[in-house]
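S.K.: please work out how this folds:
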Amino acid sequence: MFTTLFFIMFAGMAIGCAISVVYQRNPLYSAISLIGVFLSLACLYITLAAPFIAAVQVIVYAGAIMVLVVFVIMLLNVEEEEHRITKLKYLLPAAILLGLLMLAQVSYVVTQVKADSRIKLSESNVGITESIGTGLFTKYLLPFEITSLLLLMAIVGAMSLARRSATLSPTTRIIPGTQVLPKYLVDPKAKYDPSAVESDTTEQVEKVLGIEGKREE
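M.R.: Predicted coordinates:
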C-alpha cells in the first residue's frame with residue numbers, strides 16, 4: 001500500500017521536474033530541475049528494492065555529472081534565453097499527442113498487470129548491493145579489474161598532460177618584454193620591497209620564473 005503510494009508520488013515528482021527542465025528559460029534552473037529528476041528516480045529505485053542502483057544514481061548523476069553541468073553553465077555564463085515565437089507550429093500539437101499516447105500506454109500496462117492473476121511477484125536479490133558485489137568479485141572479476149586499469153591509465157594520462165615541467169626544452173626561447181614586477185623579485189637585496197619595477201630583460205624574467213641558467217645560450 002505505502003510502496004505503491006510512494007511510487008506514484010515520486011513518479012509524479014520525476015515527471016514534474018522533467019517538464020520543468022524543458023519549460024525553464026534559464027539553463028541553471030533547468031539543471032536544478034534535472035537534479036530533481038535524478039533524485040526522484042533514485043527514490044523510485046528504492047521502492048523497487050534496488051538500493052545499489054539508487055545510490056549510483058545519486059552519486060554519479062545527481063552528484064558528479066550535475067556538478068559538471070552546472071560548472072559548464074557558470075563558466076560559459078549562459079544568460080536567460082529570450083522568448084521567441086517558434087516557426088514550427090506543429091510541434092505543440094505533436095508533443096501533446098505523443099504525451100497522450102505515452103499516458104495511454106502506461107495506463108494499459110498498469111491495468112493488464114493488475115488484471116492478470118498469473119503474474120506473481122517473487123523475492124529476488126537483483127539490485128541488492130550484496131549480490132552485485134558478489135558478482136563483481138567472482139563471475140565478473142576480470143572485466144572489473146580491466147575497467148579499473150583503464151580508469152587508472154586515464155588518470156595517469158590526465159596528470160601527465162596537465163603537469164607543468166620546470167625545465168625548458170633546447171628549442172625554447174624567452175621573449176623579453178616590459179613588465180611591472182615587485183622590486184624584491186628583481187633585486188635580491190631589496191627584501192620584501194613591494195615597489196613597482198619595470199623589468200624588460202631576459203635575465204630578470206628568468207630570475208622571476210626561477211629558471212636561471214636553463215635557457216640555451
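S.K.: where does the prediction get shaky in this protein?
M.R.: In the predicted model, the chain carries pLDDT under 70 at residues 1, 78-88, 113-127, 163-194, 196-217.
S.K.: how's it carved up into domains?
M.R.: 1-77, 128-163, 179-209 (automatic domain parsing).
S.K.: show me which positions of the second one end up buried.
M.R.: Across domain 128-163, burial judged by 16 or more other CB atoms under 10 Å covers residue 132. Every residue, glycine included, has its C-beta placed from N, CA and C.
S.K.: if we can go back for a sec, quick check: which of the domains of the chain is buried the most?
M.R.: domain 1-77 (a mean of 15; mean count of other CB atoms under 10 Å).
S.K.: next, the distance between the ends of stretch 38-55.
M.R.: 11 Å (CA to CA, to the nearest Å).
S.K.: mind listing residues that contact that stretch?
M.R.: With contact meaning CB atoms under 8 Å, 6 or more residues apart in numbering, stretch 38-55 is reached by 3, 6-7, 10-11, 13-14, 17, 57-58, 61-62, 66, 124, 126-129, 132.
S.K.: quick revisit: I'd like the domains of the chain laid out as JSON lines, including distance to residue 99.
M.R.: What follows is those, written out as JSON lines (distance: least, CB to CB, whole Å):
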{"stretch": "domain 1-77", "distance to residue 99": "10"}
{"stretch": "domain 128-163", "distance to residue 99": "35"}
{"stretch": "domain 179-209", "distance to residue 99": "62"}
